[in-house]
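S.K.: What would the 3D arrangement of this be:
(chains A and B)
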Amino acid sequence: MTDFDAIDALLAGARQEVPLPPAGERRALREGLNLSRTQLARALEVSPSTVGGWESGRDPSGEVREKYAYFLKGARTKLAAAAPAEQPEETAPAEAGTERPEETAPAEAGTERPEETAPAEAGTEQPSAHGSGDDGDEDVVALSTPQPCVLCGQPARHQVAGFPQHLDPSHCGTPERTRTLHQAPPTEPSLPPASAHPRPRTGGGVKVVPAGRRLKTADDPDLIAAAVSAALDQHGGDVEAATAALVRRAIPDAMALLDQTRKGGRYDIVAHPWLPDVLRKQTSRGPDQIWEARPKWTRAELPPGEFEVTALDVNGAYLSALKTHLPLGQLEHSTGDRHDRRRAGVHLITPPAWEHDAYLPNPIGSRDEPGPLWVTEPTLRLLLRLSGPKYGLCDPPEIHESWTSGATEGLLEKFRVALKDARDRAIAENDDVTLEYVKAMYSKFVSTMGESNYNRELYRTDWMHLIRSQAFANLWWKAHRAYDEGLMVVRAMGTDELHVIGEWRAVFPEGRGVSEVKVKDVYTVGTPVAAGQDV
Amino acid sequence: MPERTLNFGAYGARGIKGYEAVARQLDALAGFVATPVTARRGLLARLRYLTRSDQSRQAARAAGLTVTDRTLRAWLRGERNPSRRNLERIETAYRAVRRQNVSRYLLARLNREGRGTRVEFHPLNQSQVLRPRQRVVAYRTLNVRRWDRIVEAWAAGDAQALDDAWIYDAVVDLGSEWGQYEYVTNIGFAA
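M.R.: Next comes the predicted model:
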């Protein structure tokens, strides 16, 4: 399918690992060509999330690295070719000025290997980019009236094998602005070269979407940035007042963001399902019967000697925990010791005995009373995984009854990613207002999604318990990882606190991102060993 | 009426009438005293609510608590305890008065100045219906803008009026298959 000749030549030319551009540039290159992750992933025969990983810092290796480098090089060349031709058509020179440096830098770098440009242009990875090459064999039909493209949804003027689509991938994702309806519909599908059109860029221009017969400007999707700038304007740049105002409206804003991120989603958010009695509070102030497995564990004894303990803090624990298997609809009752991986909910289990309390926390937390208890899906999955052949740390839990519903892990995924991106951006730009706002949004969203009077739009006690349990399970895995890598785990408390002894920097990256940890405290514990004493 | 189910549950479907679910949800939103009337604490809370002012005394009397003020005082002081029948009367009167008092505010919150409230229809339970007789009944949502008649009927405790108001003010807006939502497992909304 793919023409490997160029890749073979490349392999012959360079034995050592091909250098790749930095992570941030990879994404810009792909988006510059208006290719989606999925499209690229299909061409490289990997999954879209892998491509996402490469674009956020991971590096591919082996054959796929060569392919990816080949793509990036080709993309660079193409962008470099498009950039000068585009310049006269630029309507906003100010924006062009801001964009230019990113685009010319790869262009200059691309000139190092001029021999690569020819195969990149002829490469079959973008077959539809060259309409003249395939107008003979494919049944390309020009449409008299534009129909929505199957790839991007924007009006397209051609159809291939019955599917309306853009022939040039650089047109995908944006309406064809330069064409007018008065032009005779072109009979042959060969398009003018992409450089003749103003190539849509990620930063500039106004995004428009079809609305009926007309176009309208797309709604500003960045609700967070809009809210922050509006609040700052309203309070005349007073950071504290703006932060306070934003934190006060965090819950309705989080719900609005949730609605926005669920647009076009496969599943509805069911906000008021019937809930079983185990999820209902017994009294108005009392708790319900669900055990969230909050860890509260301290190592009983340390080996002799003096140790330096580092208290690590997991960043945005509840934000990361939004990615969990959430039940979609109404919970249904079932009995028996079976676990269905496609469902999620709460389960009445008898937890297995835990014999590793001396060096690892109990995955069901510090439970004092014995006997069966209601746990949530993340805790059960944690126990099942630990009882599996890979870990074998405990016996499998015995499930007595369950309230479950069909589940998906992707329900709050876009919501989580929107918040995480805003958080990352705020950290990079040192923007405390946005940071506080985002923090209030996700933490209040989680804490009020149950039976709370502060958020009456969502009554999902089950989700609240599941998300919290997921945060605790994530912390447990961090503790396990530390233990696995040879650190000594001393304490695991609450949602996000882990005390370890040893070289933790080799295990956990330090920083403020959600996958990193930060140091809360460093203290020493134990008795110093005298120099001559035999230990 | 063709859309109404005549013999619900003949093939094993389970559910409750939509208006019952609505009344249940409105009751939950109204927030009654949680302690049962049979407990001393619950009884006192209800009696205090019903005797807080002359107006509430009148409302209680209108709602069926036809005892003398002397008896009420004795109950409140704990000199006498109400009989079981009177306990029932206290409970019904308390619920009726509470509903009437709350309805104004609940109505304003539900109408939200004409923007209405989003209502979820959780379809009836077909798990006990034979496979060939099962039908696709989807989860639906609807924005109900006018709650006046619904809340009024609920406050008056008039089941028939509530049924009519619910069907004709809300359920018919679901479209031609509204009859599938006459019986539901749950109606979800918040105020």
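S.K.: Next, name the residue at the spatial heart of the chain.
M.R.: Since no chain was named, I'll use chain A. residue A:417 (4.7 Å; C-alpha atoms, centre = their mean).
S.K.: try chain B instead
M.R.: In chain B, the residue lying closest to the centroid (C-alpha atoms, centre = their mean) is residue B:23, at 2.3 Å.
S.K.: and it, what helix or strand is that in?
M.R.: Using DSSP states H and E, residue B:23 sits in helix B:18-30.
S.K.: Packing partners of that helix?
M.R.: Using 3 or more C-beta pairs under 8 Å, 6 or more residues apart in numbering or on different chains; DSSP states H and E, the elements in contact with helix B:18-30 are helix B:84-111, helix B:148-156, helix B:159-169, strand B:183-188. In short, each C-beta sits where N, CA and C put it, glycine included.
S.K.: got CSV for these, with mean neighbour count too?
M.R.: Output for these, formatted as CSV (neighbours: other C-beta atoms under 10 Å in any protein chain shown):
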stretch, mean neighbour count
helix B:84-111, 17
helix B:148-156, 20
helix B:159-169, 18
strand B:183-188, 22
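S.K.: who wins for proximity to chain A among these?
M.R.: With respect to chain A, and counting by C-beta to the nearest C-beta, the nearest of the helices and strands packed on helix B:18-30 is strand B:183-188 at 2.4 Å.
S.K.: And for the residue of chain A found nearest chain B, the neighbour number?
M.R.: In chain A, the residue found nearest to chain B is residue A:272; the distance is 2.4 Å by C-beta to the nearest C-beta. Neighbours of residue A:272 under the rule other C-beta atoms under 10 Å in any protein chain shown: 21.
S.K.: repeat for residue A:410
M.R.: By other C-beta under 10 Å, 13 other residues sit near residue A:410.
S.K.: Contact distance from chain B - what residues of chain A qualify?
M.R.: With the criterion set to C-beta under 8 Å from any C-beta of the partner chain, chain A comes near chain B through A:268, A:270-274, A:283-284, A:329-330, A:332, A:456-457, A:459.
S.K.: could you redo the last one with a cut-off of 7 Å?
M.R.: Counting by C-beta under 7 Å from any C-beta of the partner chain, the residues of chain A close to chain B are A:268, A:270-274, A:283-284, A:329-330, A:456-457, A:459.
S.K.: Show me which of the residues you listed are buried.
M.R.: Buried members of the residues of chain A next to chain B, counted by 16 or more other C-beta atoms under 10 Å in any protein chain shown: A:270, A:271, A:272, A:273, A:274, A:329, A:330, A:456, A:457, A:459.
S.K.: List the ones among those residues that fall in helices.
M.R.: Among these, no residue falls in helices (DSSP state H).
S.K.: Okay, domains of chain B per the record?
M.R.: If you go by automatic domain parsing, the domain ranges for chain B are B:16-30+B:109-188, B:40-104.
S.K.: can you list the ones you listed in CSV and add distance to residue A:353 and mean pLDDT?
M.R.: Shown next, in CSV, are the domains of chain B (distance: least, C-beta to C-beta, whole Å; pLDDT from 0 to 100):
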stretch, distance to residue A:353, mean pLDDT
domain B:16-30+B:109-188, 36, 94
domain B:40-104, 42, 95
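S.K.: CSV for those, including distance to residue A:303?
M.R.: Shown next, in CSV, are the domains of chain B (distance: least, C-beta to C-beta, whole Å):
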stretch, distance to residue A:303
domain B:16-30+B:109-188, 56
domain B:40-104, 56
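S.K.: quick one, which of those domains is nearest to residue A:35?
M.R.: Checking the domains of chain B against residue A:35 by C-beta to C-beta gives domain B:16-30+B:109-188 as the closest, at 36.2 Å.
S.K.: thinking again about what came up before, from the residues of chain A next to chain B, which one has the minimum pLDDT?
M.R.: Lowest pLDDT among those: residue A:284, with 73.
S.K.: Give me the pLDDT for the closest residue in space to residue A:38 that isn't next to it in sequence.
M.R.: Excluding its sequence neighbours, the residue lying closest to residue A:38 (C-beta to C-beta, 6 or more residues apart in numbering or on different chains) is residue A:48, at 4.7 Å. pLDDT recorded at residue A:48 is 84.
S.K.: So which bits of chain B are right by chain A?
M.R.: B:34, B:120, B:122, B:139, B:185, B:186, B:188, B:189, B:190, B:191.
S.K.: Try it again at 10 Å.
M.R.: Residues of chain B lying close to chain A (C-beta under 10 Å from any C-beta of the partner chain) are B:21, B:25, B:28-29, B:31, B:34-35, B:109, B:117-120, B:122-123, B:125, B:127, B:138-141, B:184-191.
S.K.: and those residues, which are buried?
M.R.: Among these, the ones that count as buried by 16+ other C-beta under 10 Å are B:21, B:25, B:35, B:117, B:119-120, B:122-123, B:125, B:139-141, B:184-191.
S.K.: Go ahead and confirm residue A:244 touches residue A:234.
M.R.: No. Taking C-beta atoms under 10 Å as the definition, residue A:244 is not a contact partner of residue A:234, at 11.8 Å.
S.K.: Got the domain ranges for chain A?
M.R.: With domains defined by automatic domain parsing, chain A comprises A:5-125, A:129-217, A:277-524.
S.K.: most packed of those?
M.R.: domain A:277-524 (a mean of 18; mean count of other C-beta atoms under 10 Å in any protein chain shown).
S.K.: Cheers, nothing more for now.
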